[in-house]
Structure formats: structure tokens, C-alpha cells
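S.K.: Generate a structure from the sequence data that follows.
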Amino acid sequence: MNRINGKDICLKIGTKFYAGMTQADWTSSTVVEKSLIKEDNGVELTEIIGFDDKFSITGIICINGTGDTATHSDWAVIRAAYRAKTAIPFAYGTGTTGTPEIAGNLLLLSLSEKTGSNGKATYSCDAEILQDATLTFATYA
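M.R.: Residues are numbered from 1 along each chain as shown. Sure thing, here's the model as predicted:
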């Protein structure tokens with residue numbers, strides 16, 4: 001059994017890495033619908049009707065330097081996407097052939113920055129994964 005290091009799992013916005021990311025937490029929970037009908041003789045039925053997938057992302061604020069824009073989405077890009085209120089294509093996984101990957105569109109729900117006088121400026125954001133036709137749980141090719 002191969003173990004995966006957390007540092008090897010990355011989040012891409014479109015085709016570019018999310019610059020400065022130090023942690024990405026993916027949470028998935030089922031959405032259920034309960035029903036109690038006479039035909040079931042008083043036995044409550046629970047049906048899974050969907051999923052609620054979210055990301056919580058934290059990191060160090062990074063601004064691209066010369067040549068960085070080809071591989072990374074920096075803080076300015078993330079901030080603009082949040083303010084535009086538009087879905088953003090993403091991919092989450094190791095990027096290694098044969099490993100699991102989640103891909104689709106996400107919507108940034110909140111964004112915050114912390115800029116103390118001691119240490120690096122940091123950010124955190126919460127995102128919801130859209131449950132649409134773009135969402136895939138596949139193997140990275």
C-alpha cells in the first residue's frame with residue numbers, strides 16, 4: 001500500500017496551481033430526505049438525494065513574479081474570481097497518473113486575509129463544489 005503525503009496533493013484553479021496554498025480541506029456530506037408514509041407502516045425511510053462538497057483553503061499570500069503566471073494563479077486572480085461571483089474550474093489530487101482526482105467547478109463563498117506585523121500575510125477561503133455535470137471523480141490520466 002502506497003501512502004500519499006499531504007504535500008503531494010494540490011489544488012489547481014483551471015490548469016494552474018493555487019499559489020501559496022498550505023492546506024486544502026475537502027469535506028463531503030450526504031444530503032438526505034426522510035419520509036414517513038402510511039404504506040411503509042410507520043417506518044421512516046431515508047433516501048440519499050445528493051451530496052454537499054466543500055473546500056476550506058488556507059495559505060500564504062503570493063503575488064506572481066516574472067514567469068510565474070504560466071503555472072500559478074496568484075492572490076490577485078483568486079480575489080478577482082471571488083468578487084466576480086463566478087464558478088471556477090478546479091482539479092484536486094496529486095496530478096500523478098493512475099491516482100484519484102476530483103475535478104469540476106467551485107464557487108468561492110468567503111475570503112479573508114490576515115496581515116499581522118509579525119510573519120507572512122495569510123489568506124483563507126471557503127468554497128462550495130458545484131454539483132453539476134462538470135463534477136467528476138476519476139483517475140488522473
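
S.K.: residues near the closest residue to residue 34 other than its chain neighbours, how many?
M.R.: Closest residue in space to residue 34, ignoring its immediate chain neighbours: residue 46 at 5.3 Å, by C-beta to C-beta, 6 or more residues apart in numbering. No exception for glycine: its C-beta is placed from N, CA and C like everyone else's. Using other C-beta atoms under 10 Å, residue 46 has 10 other residues around it.

S.K.: what's the average pLDDT for the strand or helix carrying residue 46?
M.R.: Using DSSP states H and E, the element containing residue 46 is strand 45-60. In this model, strand 45-60 has an average pLDDT of 91.

S.K.: which residues sit against the following helix or strand past it?
M.R.: Toward the C-terminus, strand 45-60 is succeeded by strand 72-73 as the next helix or strand (DSSP H and E). Strand 72-73 is contacted by residues 13, 14, 16, 17, 18, 19, 62, 64 when judged by C-beta atoms under 8 Å, 6 or more residues apart in numbering.

S.K.: Pick out the most distant pair among those.
M.R.: Farthest pair in these (C-beta to C-beta) is 14 and 62. Separation: 16.6 Å.

S.K.: Tell me which of those two has more neighbours.
M.R.: residue 62 (20 against 12).

S.K.: partner strands of the strand holding residue 46, parallel or antiparallel?
M.R.: Sheet partners assigned to strand 45-60 using DSSP bridges are listed as strand 21-35 (antiparallel), strand 122-129 (antiparallel).

S.K.: Extract the C-alpha trace of the longest one and format it as CSV.
M.R.: Just to be clear, that refers to strand 21-35. C-alpha atoms of strand 21-35 as CSV (Å, rounded to 0.1, in the frame of the first residue of the first chain):
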residue,chain,number,x,y,z
MET,A,21,-1.6,27.1,-0.5
THR,A,22,-0.5,25.5,2.7
GLN,A,23,-3.7,23.4,3.3
ALA,A,24,-6.8,22.4,1.5
ASP,A,25,-9.5,20.5,3.3
TRP,A,26,-12.2,18.8,1.3
THR,A,27,-15.4,17.8,3.2
SER,A,28,-18.3,15.8,1.7
SER,A,29,-21.6,15.0,3.4
THR,A,30,-24.7,13.4,2.1
VAL,A,31,-27.9,15.2,1.7
VAL,A,32,-30.9,13.1,2.8
GLU,A,33,-34.6,13.2,2.5
LYS,A,34,-36.7,11.4,5.1
SER,A,35,-40.3,10.3,4.5
